[in-house]
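Q: Predicted model follows, preceded by the sequence.
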Amino acid sequence: MKSARSFASLNPGTDPEWKYLTEHDPKFEGQRKLKIEGKELVSVPLRVFGLEGLQVLEMSPERESCLRYRMALIPREISHLRSLTLLYMDSNNLKEIPAEIGTLSNLERLTLSNNSLTSLPPEIGSLEKLHSLHLANNNFTELPAQLCQLRHLAFLDLHLILRTWC
């Protein structure tokens with residue numbers, strides 16, 4: 001991994017793909033958050049994975065719009081974001097989630113609704129702190145039994161995706 005970049009080294013005003021990068025969002029008090037958006041967003045900008053201390057990553061279109069990104073995959077480098085607690089990746093075109101998602105030991109909320117997912121990696125069962133998982137409107141035929149290992153899971157959204165589970 002390249003040397004970690006600080007939040008101060010990124011400038012939302014000069015980098016058009018950054019909507020905002022902040023440490024002062026009242027909704028996420030005390031957390032370092034990055035929101036990236038744009039109609040042409042097809043991949044996670046690689047420099048995101050060098051942001052040491054990033055806790056909230058939001059790469060979902062604005063709720064009011066009918067936008068759907070064309071991003072088809074989350075790079076394996078997601079594992080570099082060890083401080084991540086909230087990951088919003090809904091309304092993209094994700095077809096798979098890398099096994100490396102299981103290394104995000106601080107992840108508490110994961111939103112993957114409105115994508116093109118057909119399965120989840122078994123490693124998702126390693127997310128011990130996960131309490132909220134949003135999987136609605138995907139193309140799942142089954143879910144890994146490892147979801148049953150998520151002891152802190154308080155919210156699971158499976159709306160319109162599944163016939164049988166656990």
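A: That came through, no problem.
Q: Check which element follows the lowest-mean-pLDDT helix or strand in the chain along the chain.
A: Ranked by mean pLDDT, DSSP states H and E, the weakest helix or strand in the chain is strand 18-22, scoring a mean of 49. Per DSSP states H and E, the first helix or strand lying C-terminal to strand 18-22 is strand 33-36.
Q: helices and strands around the very next helix or strand once past that following strand, which ones?
A: Per DSSP H and E, the first helix or strand lying C-terminal to strand 33-36 is strand 56-58. Applying 3 or more C-beta pairs under 8 Å, 6 or more residues apart in numbering; DSSP states H and E, we find strand 56-58 packed against strand 33-36, strand 86-88. Every residue, glycine included, has its C-beta placed from N, CA and C.
Q: State the mean pLDDT of strand 56-58.
A: Strand 56-58 carries an average pLDDT of 90.
Q: Direction included, what does it pair against?
A: Here strand 56-58 has these sheet partners by DSSP bridges: strand 33-36 (parallel), strand 86-88 (parallel).
Q: For those strands, please prepare CSV with the additional fields mean pLDDT and mean neighbour count.
A: Shown next, in CSV, are the strands paired with strand 56-58 (pLDDT from 0 to 100; neighbours: other C-beta atoms under 10 Å):
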stretch, mean pLDDT, mean neighbour count
strand 33-36, 82, 20
strand 86-88, 95, 19
